[in-house]
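In: for reference, the sequence and a predicted model appear below.
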Amino acid sequence: AREWIARGEAAAQAVLPRLRAIADAMGSVPSPSAAAALPESVRVTALRIDAGGDEAAAALLRRTLGLSSDSVVSAARLDAVLEDLAATGLVGPVRYRIDPLGEGAELELATRGRGRDRVGLGFRYDDRQRAALLFTATLFDRIQYGSATRLDLRLGEELQWRASYLSGRAVTGTVSVGAEVGWAQAPLDVYEGGLRISRAEVEVASAALLLGLAADRASIAALELRGERAVESTSVAIVDASESVWLGSASLFVLRETFDQADFPRTGARLYLRSEVGLSTAAEGGGFSHHVLDVRGRFPVTARASLLAEAHLGYAEGRDVPLHRAFFMGGDHPSPLFGPTQPTFAGLPTHSESGLALQLFRAGIQVEPLSERFVRLWVDAGEARPVWRVDPGSWSWGWGLSIGTASLAGPLSVTMSGGSGDVQWSFNVGRRF
């Protein structure tokens, strides 16, 4: 054993001069313990972008970061901005490094290639609409840099296909231009005196043009021109009736959403405001107007608890408001096709209250007793009625208790609700789409 140790020492001594020469040629490298740790935030005095010769991607990175000389930046902010940019599909993965440079630091960004097109499959199940499948394809930069073309196909009790195009998107410019064509079919239950008297099937074919201004990716204000043809088939006892309605409208809307996550958000807010005027063939002469205000907020009070508050207001007027533009309230599962005009309401059957005026308020609390395990308790108050009138004495009241968690198929939740109607149980798995 001693002989083998001696041979090893002799071999090491023989190559030691060569190893020292290589180390001297490479320069000295300080040990990790000797390296000065960068602070949480640094002052960037130089910015270098390597996009492999893609000038559009380099300009987009520079504009998105919005850094000027002597800007203070943190790794957390860089991660958030670059993650948000990657979601647009306009650039490939971005790597960065921060090197000390005098009294500041040099920030170097490197990326190669554009983002890839995306194909997705979504699944969800609830005890109201049963199983639903969604196939999506998103194509980037097909018409111009910064644009997204999306194709959707929904299968289930509610059917839909849709093709949409949007440019700008607050990443290549503040002006967004979009277009959309689609077709959808969904059932509507019609109640009177608390009893369901008919069931309508609504088919809507639509086309729309959009021109908007987006200050950032979380908000947009836009003008939309829309045309629709709706076929409304109603069944009452043994009598079936069908009506075809043509509609043309112009609307202004504002949308801003800052929730921290799509499922069970802990903080953030959502504002949706739309005002629309138009003409339809639902009745002789005249037109219609349609207005929606949807406000939701999550307010954290501790690390694991948030208060929730929501207000859903709507009003339509005119002799020829189409059936699918009326407001329907009730149930535990929102309509994926007519969400703003068909909000949920704890303790009421789906679509059990309807009219041209909607007032709905919600308040509650969400607690996270374990990581990604959520318990939500809330109270609903409001009504849907033929005319606008503020009368809390006539409002319906309801309460809901939901337990939810994340799963491989998306969020999973069980809900119990009651109030003005009977106690109801509902089950949901999969993200709403």
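Out: Here it is on my side, so go on. As the structure is a prediction and not an experimental result, all values here were calculated from the model.
In: centre-most residue in the protein?
Out: Nearest to the mean C-alpha position of the chain, by CA atoms, centre = their mean, lies Ala262 at 6.1 Å.
In: distance-wise, check that one relative to Gly410.
Out: Going from Ala262 to Gly410 by CB to CB, to the nearest Å gives 10 Å. Using the backbone N, CA and C atoms, a C-beta is placed for each residue, glycine as well.
In: ok, Pro386 next?
Out: 38 Å.
In: and those two? Which one has more around it.
Out: Higher neighbour count among Pro386 and Gly410: Gly410, with 18 against 10, using other CB atoms under 10 Å.
In: correct me if wrong: the more buried one contacts Gly404.
Out: No. Look at Gly410 against Gly404 with CB atoms under 8 Å: they stay out of range, at 10.6 Å.
In: what do these two both touch?
Out: Overlap between the contact sets of Gly410 and Gly404, as judged by CB atoms under 8 Å, 6 or more residues apart in numbering, is given by Asp263.
In: buried stuff in stretch 414-422?
Out: By 16 or more other CB atoms under 10 Å, the buried positions in stretch 414-422 come out as Thr415, Met416, Ser417, Gly418, Gly419, Ser420, Gly421.
In: can you confirm the third one is in a strand?
Out: Yes. The assignment for Ser417, made by DSSP: H, G, I helix; E, B strand; the rest coil, places it in a strand.
In: can you pull up the bridge partners for it?
Out: Beta-bridge partners recorded for Ser417 (DSSP bridges): Gly400, Gln424.
In: thinking again about what came up before, among the buried residues of stretch 414-422, which pair sits farthest apart?
Out: Farthest pair in the buried residues of stretch 414-422 (CB to CB) is Thr415 and Ser420. Separation: 16.3 Å.
In: what is the neighbour count of the nearest residue to Ala58 once chain neighbours are set aside?
Out: The shortest distance from Ala58 to any non-neighbouring residue, by CB to CB, 6 or more residues apart in numbering, is to Ala51 (4.0 Å). Counted with other CB under 10 Å, residues neighbouring Ala51 total 21.
In: what's Ala51 in contact with, if anything?
Out: Contacts of Ala51 by CB under 8 Å, 6+ apart are Ala57, Ala58, Leu61, Val91, Ala110, Thr111, Arg112.
In: do Arg199 as well
Out: Pro187, Leu188, Asp189, Val190, Thr234, Ser235.
In: pretty sure the fifth one sits against Pro187.
Out: Right, Thr234. No. At 10.9 Å, Thr234 and Pro187 do not qualify as touching, with contact defined as CB under 8 Å.
In: now for the two: what residues contact both?
Out: Contact criterion CB under 8 Å, 6+ apart; residues shared by Thr234 and Pro187: Arg199, Ala200.
In: pretty sure Arg266 is in a strand, no?
Out: No. The assignment for Arg266, made by three-state DSSP, is coil rather than a strand.
In: please report how far the nearest residue to it once chain neighbours are set aside lies from Pro343.
Out: Setting aside the residues directly before and after it, Arg266 is nearest to Ser306 in space (CB to CB, 6+ apart), at 5.1 Å. For Ser306, the distance to Pro343 equals 20 Å [CB to CB].
In: go on, Gly104?
Out: Distance of Gly104 to Pro343, given as CB to CB: 52 Å.
In: the two: who's more crowded?
Out: Neighbour totals were compared for Gly104 and Pro343, and Pro343 leads with 24 against 17 (other CB under 10 Å).
In: phi, psi of that one?
Out: Torsion angles at Pro343 (phi, psi; degrees, to the nearest 10) stand at phi -70, psi 160.
In: for the closest residue in space to it that isn't next to it in sequence, give me its contacts.
Out: The shortest distance from Pro343 to any non-neighbouring residue, by CB to CB, 6+ apart, is to His312 (4.7 Å). Counting by CB under 8 Å, 6+ apart, His312 makes contact with Leu293, Asp294, Val295, Pro343, Leu358, Gln359, Leu360, Phe361, Arg362, Gly382.
In: which of those has the weakest pLDDT?
Out: Here the lowest pLDDT out of the contacts of His312 sits on Pro343, with 92.
In: and that residue, how far is that from Phe361?
Out: For Pro343, the distance to Phe361 equals 11 Å [CB to CB].
In: hmm, back to that, beta partners for the residue nearest to Pro343?
Out: Asp294, Leu360.
In: and Leu377, by the same measure?
Out: Where Leu377 sits in a bridge, its partners, by DSSP bridges, are Ile365, Leu401.
In: what pLDDT does the residue nearest to Val231 when sequence neighbours are not counted get?
Out: Leaving aside its sequence neighbours, Val231 sits nearest to Glu203 (CB to CB, 6+ apart; 4.5 Å). Here, the pLDDT recorded for Glu203 equals 91.
In: again with Ser335
Out: At Ser335, pLDDT is 80.
In: which of the three states applies to it?
Out: With three-state DSSP as the basis, Ser335 sits in coil.
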